[in-house]
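*Asks:* Task: produce atomic coordinates for the following.
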Amino acid sequence: MPINEIMIFLMFGFLCLALIGGFPVAFTLAGVGLIFASIGIIFDIFDPSYLKAIPQRIYGRSMTNYVLIAVPLFVFMGAMLQQSKVAEDLLESMGLLFGKLRGGLGISVSIVGALMAASTGIVGATVVTMGLLSLPTMLKRGYDPSLACGSIAAAGTLGQIIPPSIVLVLLGDVLSSAYQKAQLEQGNFSPDTVSVSDLFAGALIPGLVLVSMYIVYQAIVAWLKPETSPSVITDETKLLDKKALRAKILNSLIPPIFLIIAVLGSILGGVATPTEAAAVGAIGALLLGGLRIKQMKIEESNKTSSTLLGKLVFGLVENFRRFDNNTKKPISVYAAGIGLLSILLIQSVFDLRVAREFIPTSDMFGIFLAGFSCVLISWGIIVSLSYANRSGILKKVNITTMEISAMVFVILIGASIFSLVFRGFGGDDYVHKILSDVPGGKFGAIFVVMLIMFLLGFFLDFIEITFVVVPIVAPVLLMMDISPVWLGVMMAVNLQTSFLTPPFGFALFYLRGVAPNQIKTMHIYKGVLPFVAIQIIALFILSVFPELATWLPDLLFD
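*Replies:* Numbers count the residues shown, from 1 in each chain. Below you'll find the model as predicted:
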């Protein structure tokens with residue numbers, strides 16, 4: 001075996017051992033890459049000029065990447081909805097709606113997981129929230145511990161496949177580069193592109209199919225083993241009449257559904273890019289958070305500023321908030337919501353560019369409406385920020401956003417260094433040779449790649465797999481005349497299983513951290529196995545019927 005191929009195997013082996021040993025992922029990726037690059041330079045089997053590309057890769061792929069701006073915005077959106085108890089309202093309302101059915105709590109958990117996925121896309125926040133709120137109730141009402149744990153963990157991972165999803169944003173960025181590279185290798189110097197919007201549209205139907213499969217499984221279990229998932233009639237259900245129950249459910253459902261429509265609708269309708277829609281989602285989540293915080297009447301702390309500028313800003317914000325408090329309804333939030341929706345509609349109808357020699361009267365009217373809408377949005381943002389700040393929620397949301405975003409981007413930098421060294425040893429050519437020689441042609445190659453990604457999911461997080469494995473195998477697969485959207489959705493469904501597969505499934509860790517003492521680790525492992533099997537079945541269905549992923553993008557984006 002050539003020395004370069006030996007170095008490639010050693011790189012991956014050393015990387016896996018270091019990650020299993022508990023070393024930080026980002027620094028392990030970069031460290032392993034640089035160590036093996038140094039060894040290669042010493043033995044004259046690695047061209048040191050490859051290392052000169054590291055600064056450009058970091059700057060061009062991370063610091064100036066417009067698509068990746070969506071990551072912190074979506075994280076902020078999810079953290080705000082979780083901290084402001086919007087998710088808690090959803091869980092309580094769905095429990096009231098489906099609790100009377102046998103297996104109703106499990107079904108409500110799946111539905112809430114889907115709604116939270118479509119409005120947050122953060123697995124940790126969803127699993128922790130549902131683990132804290134639903135798991136004790138399910139156990140108290142007689143649910144089987146394994147079924148309860150599996151339902152919550154699986155529903156929490158829906159945020160990785162149902163858009164807007166962080167994994168789809170990252171995959172979209174990686175696949176876009178891989179698709180262009182594949183076309184250039186084939187001699188197409190005017191390559192087509194695949195965008196995050198394409199992946200969002202492609203993942204929508206498979207995500208809904210997966211939710212339906214979860215619900216069908218829970219219904220079958222409730223029918224075959226009724227003792228594992230009994231019906232629940234709570235005291236609150238008895239006290240509320242039908243009208244009050246309907247009002248409570250609608251009040252909990254309408255705000256997040258409105259946010260989902262604003263974010264997903266603007267992307268799928270071609271009104272906004274995913275990054276612009278992420279900004280809309282972040283603002284919408286802040287407004288919903290402010291509305292919810294005012295309704296909860298959280299005890300506020302008296303905060304002031306010692307600087308003159310701080311006092312002026314604080315006084316201005318307080319005047320806005322006091323005016324809002326004097327009204328029966330938080331009109332600032334409602335006005336900002338109307339302004340946000342208006343902006344989306346106005347910019348799709350009018351040309352809002354002001355740097356023109358001649359602006360038609362109709363466009364001037366649109367610019368005026370857009371300016372007025374921005375004033376309404378600013379008013380709502382200021383008031384909502386005040387509520388969130390005085391309640392202490394804003395600080396928690398900012399810390400969560402900073403931690404997750406920093407983790408993603410540092411891993412991206414480490415993965416860029418690792419993959420660059422991998423290419424320096426000729427890894428791309430070696431992978432191309434292996435996949436081209438696999439029996440079964442492109443279907444055999446896809447099967448091997450999916451199997452490798454599934455097995456790596458037992459030990460690696462989806463971010464490492466996305467940034468390390470996908471850039472290596474995707475160009476080879478895409479040169480085999482495979483739809484990039486279908487391939488991206490297949491990878492997203494596959495990566496979703498990495499959250500549920502022991503021993504390093506993140507959803508398992510999140511749930512273990514908030515589960516009551518009576519829940520054992522084996523309860524969680526046993527509970528997630530059927531849902532992992534369901535995800536594998538969904539992957540098989542998607543492989544047989546690729547139209548599930550390609551039909552909607554073709555319809556919307558031609």
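*Asks:* Show the pLDDT at residue 324.
*Replies:* According to the prediction, residue 324 has pLDDT 58.
*Asks:* ditto for the one 10 residues further on
*Replies:* Listed pLDDT for residue 334 reads 79.
*Asks:* can you list contacts of the helix or strand containing it?
*Replies:* Element membership for residue 334 (DSSP states H and E) is helix 331-349. Residues outside helix 331-349 that contact it (Cβ atoms under 8 Å, 6 or more residues apart in numbering) are 258, 262, 266, 269, 271-272, 280, 283-284, 287-288, 290-291, 294, 320, 323-324, 352, 366, 369-370, 372-384. In short, each C-beta sits where N, CA and C put it, glycine included.
*Asks:* before we move on, what about stretch 253-264?
*Replies:* Counting by Cβ under 8 Å, 6+ apart, 77, 81, 86, 90, 93, 115-116, 118-119, 163-164, 200, 204, 277-278, 280-281, 284-285, 288, 291-292, 337, 340-341, 344 sit against stretch 253-264.
*Asks:* Take those residues and keep only those in helices.
*Replies:* 77, 81, 86, 90, 93, 115-116, 118-119, 200, 204, 277-278, 280-281, 284-285, 288, 291-292, 337, 340-341, 344 (DSSP state H).
*Asks:* Just the buried residues of the contacts of stretch 253-264.
*Replies:* 77, 81, 86, 90, 93, 115-116, 118-119, 163-164, 200, 204, 277-278, 280-281, 284-285, 288, 291-292, 337, 340-341, 344 (16 or more other Cβ atoms under 10 Å).
*Asks:* What sits closest to residue 380 if chain neighbours are left out?
*Replies:* residue 336 (2.2 Å; Cβ to Cβ, 6 or more residues apart in numbering).
*Asks:* Next, the buried residues of the helix holding residue 334.
*Replies:* 332-333, 335-337, 339-344, 346-347.
*Asks:* Equivalent analysis for stretch 2-22, please.
*Replies:* For stretch 2-22, by 16+ other Cβ under 10 Å, it's 4, 7, 8, 11, 12, 15, 18, 19.
*Asks:* could those residues go into JSON lines alongside secondary structure?
*Replies:* Below are the buried residues of stretch 2-22 laid out as JSON lines (DSSP: H, G, I helix; E, B strand; the rest coil):
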{"residue": "4", "secondary structure": "helix"}
{"residue": "7", "secondary structure": "helix"}
{"residue": "8", "secondary structure": "helix"}
{"residue": "11", "secondary structure": "helix"}
{"residue": "12", "secondary structure": "helix"}
{"residue": "15", "secondary structure": "helix"}
{"residue": "18", "secondary structure": "helix"}
{"residue": "19", "secondary structure": "helix"}
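*Asks:* mind listing the helices for the stretch 51-200 of the chain?
*Replies:* 54-58, 70-83, 86-98, 104-119, 123-140, 145-156, 166-185, 196-224 (DSSP state H, counting those that start in this stretch).
*Asks:* Can you say which of these is nearest to residue 436?
*Replies:* Proximity to residue 436 (Cβ to Cβ) singles out helix 166-185 among those, at 12.7 Å.
*Asks:* Contact partners for residue 51?
*Replies:* By Cβ under 8 Å, 6+ apart, the neighbours of residue 51 are 37, 420.
*Asks:* From residue 31, how far out is it?
*Replies:* 14 Å (Cβ to Cβ, to the nearest Å).
*Asks:* what sits in contact with each of these two?
*Replies:* With Cβ under 8 Å, 6+ apart, residue 51 and residue 31 have no common neighbours.
*Asks:* Can you pull the domain assignment for this structure?
*Replies:* According to automatic domain parsing, the chain comprises the domains 86-164+183-238+457-558, 240-298+302-391.
*Asks:* By mean pLDDT, show me the worst of those.
*Replies:* Among the domains of the chain, domain 240-298+302-391 scores lowest, with a mean of 75.
*Asks:* Residue 63: how many residues sit nearby?
*Replies:* Neighbourhood size, residue 63 [other Cβ atoms under 10 Å]: 10.
*Asks:* separation between it and residue 275?
*Replies:* From residue 63 over to residue 275 (counting by Cβ to Cβ), the distance is 15 Å.
*Asks:* likewise residue 532?
*Replies:* Taking Cβ to Cβ, one finds residue 532 at 33 Å from residue 275.
*Asks:* which one of the two has more residues nearby?
*Replies:* Between residue 532 and residue 275, counting by other Cβ under 10 Å, residue 532 is the more crowded of the two (22 against 19).
*Asks:* So that one is in contact with residue 501, correct?
*Replies:* Yes - here residue 532 reaches residue 501: they are 6.3 Å apart, a contact under Cβ atoms under 8 Å.
*Asks:* who touches residue 485 in this structure?
*Replies:* Residues in contact with residue 485, defined by Cβ under 8 Å, 6+ apart, are 194, 198, 199, 201, 202, 549, 550, 553.
*Asks:* and if you look at residue 252?
*Replies:* 89, 90, 92, 93.
*Asks:* tell me the two of those residues that are most distant?
*Replies:* 90 and 92 (7.4 Å).
*Asks:* Might you report the residue contacts of residue 426?
*Replies:* By Cβ under 8 Å, 6+ apart, the neighbours of residue 426 are 4, 5, 8.
*Asks:* gap between residue 29 and residue 167?
*Replies:* Distance of residue 29 to residue 167, computed by Cβ to Cβ: 18 Å.
*Asks:* neighbour count winner among these two?
*Replies:* Neighbour count, other Cβ under 10 Å: between residue 29 and residue 167, residue 29 has more, with 28 against 25.
*Asks:* Is the more buried one in contact with residue 418, as I believe?
*Replies:* Yes - counting by Cβ under 8 Å, residue 418 is a contact partner of residue 29 at 4.4 Å.
*Asks:* Now the common contact residues for these two.
*Replies:* 15, 468.
*Asks:* For residue 65, grab phi and psi.
*Replies:* phi -90, psi 110 (degrees, to the nearest 10).
*Asks:* let me redo that: residue 546
*Replies:* Dihedral angles (degrees, to the nearest 10) for residue 546: phi -60, psi -20.
*Asks:* Tell me the secondary structure at the closest residue to it other than its chain neighbours.
*Replies:* Closest residue to residue 546 apart from its sequence neighbours, by Cβ to Cβ, 6+ apart: residue 486 at 4.5 Å. Of the three states, residue 486 takes helix under three-state DSSP.
*Asks:* Enumerate the positions of stretch 59-79 that are buried.
*Replies:* Buried residues in stretch 59-79, counted by 16+ other Cβ under 10 Å: 61, 65, 67-79.
*Asks:* which two in the residues you listed are spaced the farthest apart?
*Replies:* 61 and 79 (25.2 Å).
*Asks:* mind listing the helices for the stretch 301-450 of the chain?
*Replies:* In the stretch 301-450 of the chain, the helices defined using DSSP H, counting those that start in this stretch lie at 308-325, 331-349, 361-391, 393-424, 427-436, 441-456.
*Asks:* Around residue 216, count how many other residues there are.
*Replies:* Counted with other Cβ under 10 Å, residue 216 comes out at 13.
*Asks:* can you tell me how far it sits from residue 117?
*Replies:* Residue 216 sits at a distance of 18 Å from residue 117 (criterion: Cβ to Cβ).
*Asks:* what's the answer for residue 21, then?
*Replies:* Relative to residue 117, and taking Cβ to Cβ, residue 21 is found at 33 Å.
*Asks:* Excluding chain neighbours, give the residue nearest to residue 153 in space.
*Replies:* Counting by Cβ to Cβ, 6+ apart, the residue nearest residue 153 is residue 507, at 4.4 Å.
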